[in-house]
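*Asks:* Sequence first, then the predicted structure:
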4 protein chains.
Amino acid sequence: SGGVWGLERGYCLMIGGERAVVERLDPVFRTLAPGLGTVPRTPGREKAGGTAEHGYLYCGPSGAGHFVKMVHNGIEYGLMQAYAEGLDIFRNAGSKDLDPDLRYDLDIADIAEVWRRGSVVASWLLDLTAQALVEDPTLSNYTGVVADSGEGRWTIMAAIEEGVPVDVLSASLYVRFRSRQDHTFAEKVLSAMRQKFGGHVERPSGG
Amino acid sequence: SGGVWGLERGYCLMIGGERAVVERLDPVFRTLAPGLGTVPRTPGREKAGGTAEHGYLYCGPSGAGHFVKMVHNGIEYGLMQAYAEGLDIFRNAGSKDLDPDLRYDLDIADIAEVWRRGSVVASWLLDLTAQALVEDPTLSNYTGVVADSGEGRWTIMAAIEEGVPVDVLSASLYVRFRSRQDHTFAEKVLSAMRQKFGGHVERPSGG
Amino acid sequence: SGGVWGLERGYCLMIGGERAVVERLDPVFRTLAPGLGTVPRTPGREKAGGTAEHGYLYCGPSGAGHFVKMVHNGIEYGLMQAYAEGLDIFRNAGSKDLDPDLRYDLDIADIAEVWRRGSVVASWLLDLTAQALVEDPTLSNYTGVVADSGEGRWTIMAAIEEGVPVDVLSASLYVRFRSRQDHTFAEKVLSAMRQKFGGHVERPSGG
Amino acid sequence: SGGVWGLERGYCLMIGGERAVVERLDPVFRTLAPGLGTVPRTPGREKAGGTAEHGYLYCGPSGAGHFVKMVHNGIEYGLMQAYAEGLDIFRNAGSKDLDPDLRYDLDIADIAEVWRRGSVVASWLLDLTAQALVEDPTLSNYTGVVADSGEGRWTIMAAIEEGVPVDVLSASLYVRFRSRQDHTFAEKVLSAMRQKFGGHVERPSGG
């Protein structure tokens, strides 16, 4: 999974199918895979062996490779959303609605950049974020309308089948659903209840 | 807490302050409180006694009454959001994006009404929802821009101070935050990451 | 839907199937349904008519009745969780970890009782909660291991198929998944990461 | 922020205080900071300049550095939780409760390893996870009792002050709160309601 960067970075392969067939194709996978590259070796991996550190992996029978790739994408949504929420806190830290003593006027592009060097949150997604922010610090060229692929949805459904709580992965998907609507019907239900029980006057929409 | 319905329905009182003062004012509270009214007595309450079933309660020293009222409002947000999400599922059950065999064209006003009679989800909030829906079945007269009071925010902060997980109460508050913006900065961060790693073309916003 | 209370309270009927068949059975449904009962009429309902206020509803072709009942149960989970989280905040409001000035020692059974009279959160679920609390104020006779039915899961899956954000309904389901495990594998992953990056010593489990 | 790895990896510095003082100390910060190192330069950064790509950043007046570090930790929780949930789906993919055709018996250590090479989810946290898994594939040496620092809590409080929806960061904190209890009072409330309305027999706790 490497998007348009695949050719430059290489991309790891998650493979499912009949074991015998996959083993016969091993030389092909080894050639396509990114290999050890410049990524430091995981301590302890020398004893475990296998192909994973060469950037390709036989995951199991037909469907297993897709399953692993599907959950990869579910995790990706969660990681993206974690960064996005944190940067949104920075963006609104200078809001005039806050007590002046609690306001901060922060350079978000610089923060993303400094985190690339030695912080716990360093990652390839952060690299891309830093690049986008240095080009367009307010991200005003982006709509914020965010598509989702089937993989994100199937990840949640698989988790529910298994009885695994996935609060973060679900919330990340729902943010995308929400981003594609002006207002949900759910929000109109809230407005309606409030009007009925409290005579609340609705405020006009913000920016 | 009874909003504009207070005079008609009566409203329960959550009282904090010095015990001696509150006890001296007992006749006042008893007069203001809704009393036993037509609400059936809770089985077992006859042994417990106290003023609660008369619709007023001494909660503790100064601040305790506000604390109880604050959490009441936090719960209120959660209840409202639960109904709202469920009705949103009905609203979209007829979507043309679904397999025709899985589509349902439902009368949401009728569903809210039928649930008022003997279902597990019967409540005063459902009564109000049924009223709003029978008047305006698509709720098109409501904006979906939803204010929040300080109480909802303080409820979450109190929970965090205590180390209590409050997934539902938090999510209900965040829906309101989200409802007051066209797009969050977080969503623009997602758009930017996607553009950088995948060359995704952004879809125009939906309705 | 009325659980073991059905016979006493009556329970509303959500019906799907061929319209002609359902119409022929109308007298049966009308007899089984709770009827107008003592529930006040919804303002505006007199013009809308229909059977809903008699406690039964034809929802649509085969499957529609189950769909409506399914979402009913999803909402039920959300409502229950909203109350549960709020009462958990009360339960921990007296914690010795809090600043003494911010501690409250609250009578949760009394609070549930007082809310039954005129508050915004009054409901049948609150009635049951008040009853359980007056009998067992610390709920120490309950395990907190919470089952979930297929309906709660299907509700989330339906929402995802439709692209409807359901943060509260999902979180309510996941709390139940979590309640049935000592620790999730996810939590062990967190422990492992923390140990690797920070040399964190793990604290023994609390009560 | 670099935990026990700081000396080996270097760690980036987020600095707040009086600008004049911070500028005078610039040589000290430059010496302590990790510098450009082997991290590839962000495209476009050459025009922006500044110290961020050298691994240290003046964030603003007193408090600003702590604010940035606080949100860093909030994001960290979210990233960790996203990986943790995804790996939990793998862990339970072989469950005997699933339809045999939908079961996968996956090598989670290998999956984490292969993702280190060219996938979208590559990160330093994933590196640590891969290391922990290759040493202890079931993570049975970890308790799953997860502490949280004040920073995670303050991040949520700051977001709420600003009116920023932070579903993922909140959920990540609440998982930690939950991990430190056998059962929440909230779960006991759910048990109690279920017993009252449905006569549900409680299932004994799982493993």
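*Replies:* Sure thing, it's come through. Numbering: from 1, shown residues only, chains lettered A, B, ... in the order given.
*Asks:* can you pull the pLDDT of residue A:156?
*Replies:* We have a pLDDT of 98 for residue A:156.
*Asks:* Contact partners for it?
*Replies:* Residues in contact with residue A:156 (C-beta atoms under 8 Å, 6 or more residues apart in numbering or on different chains) are A:74, A:166, A:169, A:170, A:173, C:156, C:160, C:170. Heads up, the C-betas are built off the backbone N, CA and C, glycines and all.
*Asks:* which residues in chain A form strands?
*Replies:* Secondary structure of chain A (DSSP state E): strands at A:13-16, A:56-60.
*Asks:* Most tightly packed of the ones you listed?
*Replies:* strand A:56-60 (a mean of 25; mean count of other C-beta atoms under 10 Å in any protein chain shown).
*Asks:* State the number of residues packed around the residue nearest to residue A:74 when sequence neighbours are not counted.
*Replies:* Here the nearest residue to residue A:74 in space, its sequence neighbours aside, is residue A:155; by C-beta to C-beta, 6 or more residues apart in numbering or on different chains that works out to 3.0 Å. Neighbourhood size, residue A:155 [other C-beta atoms under 10 Å in any protein chain shown]: 28.
*Asks:* Report the angle between the longest helix anywhere in chain A and helix D:64-91.
*Replies:* In chain A, taking DSSP state H as the definition, the longest helix is helix A:64-91. Interaxial angle, helix A:64-91 versus helix D:64-91 (axes from the mean of the first three to the mean of the last three C-alpha atoms, to 10 degrees): 160 degrees.
*Asks:* Helix A:64-91 versus strand A:56-60: what angle between them?
*Replies:* Going by the same axes, to 10 degrees, helix A:64-91 makes 120 degrees with strand A:56-60.
*Asks:* model confidence over helix A:64-91, on average?
*Replies:* The model assigns helix A:64-91 a mean pLDDT of 97.
*Asks:* Show me what counts as buried in it.
*Replies:* By 16 or more other C-beta atoms under 10 Å in any protein chain shown, the buried positions in helix A:64-91 come out as A:64-65, A:67-91.
*Asks:* How about the residues of chain A by chain C?
*Replies:* Taking C-beta under 8 Å from any C-beta of the partner chain, the part of chain A that reaches chain C is made up of A:120, A:153, A:156-157, A:160-161, A:163-167, A:170-171, A:173-175, A:177-178, A:180, A:184, A:186, A:197.
*Asks:* Which PyMOL command selects the buried ones in the residues you listed?
*Replies:* Of the residues of chain A next to chain C, the buried ones can be selected in PyMOL as follows, counting by 16+ other C-beta under 10 Å:
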select buried, chain A and resi 120+153+156+160+161+163+164+165+166+167+170+171+173+174+175+177+178+180+184+186+197
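*Asks:* Nearest to residue D:134 among the contacts of residue A:156?
*Replies:* residue A:74 (22.7 Å; C-beta to C-beta).
*Asks:* Touching, that closest one and residue A:149? I think so.
*Replies:* No - between residue A:74 and residue A:149 no contact is recorded; they are 10.0 Å apart, counting by C-beta atoms under 8 Å.
*Asks:* how far does stretch A:101-121 stretch from start to finish?
*Replies:* One end of stretch A:101-121 sits 28 Å from the other (C-alpha to C-alpha, to the nearest Å).
*Asks:* Spell out whether that stretch and chain D are in contact.
*Replies:* Yes - judged by C-beta under 8 Å from any C-beta, stretch A:101-121 comes into contact with chain D at A:102, A:104-107, A:109-111, A:113-121.
*Asks:* ok, back up a step: which ones are touching the residue nearest to residue A:74?
*Replies:* Residue A:155 is in contact with A:70, A:71, A:73, A:74, A:166, A:169, D:86, D:89, counting by C-beta under 8 Å, 6+ apart.
*Asks:* CSV for the contacts of residue A:156, including distance to residue B:25?
*Replies:* Shown next, in CSV, are the contacts of residue A:156 (distance: C-beta to C-beta, whole Å):
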residue, distance to residue B:25
A:74, 57
A:166, 51
A:169, 52
A:170, 48
A:173, 52
C:156, 49
C:160, 53
C:170, 45
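*Asks:* Now do the helices in chain A.
*Replies:* Assigned by DSSP H, chain A shows helices spanning A:6-9, A:19-24, A:26-32, A:45-48, A:64-91, A:108-115, A:124-135, A:150-162, A:167-179, A:185-198.
*Asks:* The last one vs chain B: in contact?
*Replies:* Yes - for a cut-off given as C-beta under 8 Å from any C-beta, helix A:185-198 has contacts with chain B, namely A:185-198.
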